[in-house]
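> how does the following fold in three dimensions:
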Amino acid sequence: MSSENVVMDTESLIAEIKSRPKQEIKCSRILLPTDGSGQAFKAVSEAIHLAAVTDAELTLLMVVDYNKNVAAFEQVSLSGYVPAELKIAAYQFLAELMHVIPSEIRAHTRVEVGDPGETILRVAEEEESDMIVMGTHGFGTFRSLLMGSVSNFVTQNASCPVLLCKGMPDDWDDDEHYII
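Prediction:
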């Protein structure tokens, strides 16, 4: 194909795109999985902004990863029981995070137990989320180096768009505390 044909094809493609009718993007529910890391707080900031401009409802989700938080010996001796302290800590963290959400944004919290990637996808379906907003790092452990990160898993398997937020928030201090 000559360069003249490529230019012509590009011009016709651009013209075709410009002639398409305008579409409205609907976003009424945003899932915001968080683990408290700096990258997750960057996602909080982005999700708040998106919810404000689209009038979407936010679901703040924290997944208690039983395998990450309880030693193998404890798992056997507890026979599948998830220590209440893990869930209580997650609820407390999300309650504090709710203070960051402006009052005009509808938001609610959920704490779930399970594998983070699979749980995020399940909750996104249950909540009928139009979008998932999450950090690119933070959920993973050494396992993520071998099997892929949670954000990669969610991106590859989600049935809705996923916005990945890289980096740390501008107001993250050296002691790894989010300044509210």
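
> now for the host helix or strand of His49, which elements pack on it?
Per DSSP states H and E: His49 is located in helix 38-54. Counting by 3 or more Cβ pairs under 8 Å, 6 or more residues apart in numbering; DSSP states H and E, the packing neighbours recorded for helix 38-54 are strand 29-33, strand 57-64, strand 131-135, strand 162-165. Heads up, the C-betas are built off the backbone N, CA and C, glycines and all.

> so what's the residue nearest the centre of the chain bridging to?
By Cα atoms, centre = their mean, the chain has its centre lying nearest to Met134, at 2.6 Å. Beta bridges link Met134 to Leu164, judged by DSSP bridges.

> could the helices and strands packed on helix 38-54 go into JSON lines alongside mean pLDDT and distance to Phe93?
JSON lines is the format used below for the helices and strands packed on helix 38-54 (pLDDT from 0 to 100; distance: least, Cβ to Cβ, whole Å):
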{"stretch": "strand 29-33", "mean pLDDT": "97", "distance to Phe93": "13"}
{"stretch": "strand 57-64", "mean pLDDT": "95", "distance to Phe93": "6"}
{"stretch": "strand 131-135", "mean pLDDT": "94", "distance to Phe93": "15"}
{"stretch": "strand 162-165", "mean pLDDT": "91", "distance to Phe93": "18"}
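
> how close does Cys27 get to Val111?
Distance from Cys27 to Val111, counting by Cβ to Cβ, to the nearest Å: 24 Å.

> before we move on, the earlier item: check contacts around the residue nearest to the centre of the chain.
By Cβ atoms under 8 Å, 6 or more residues apart in numbering, the contact set of Met134 is 32-34, 40, 43, 120, 150-151, 154, 162-165.

> could you give the number of residues near the residue nearest to Leu58 when sequence neighbours are not counted?
Among residues not flanking Leu58 along the chain, Ala107 sits closest, at 4.0 Å (Cβ to Cβ, 6 or more residues apart in numbering). Here the count is done by other Cβ atoms under 10 Å, and Ala107 has 21 residues near it.
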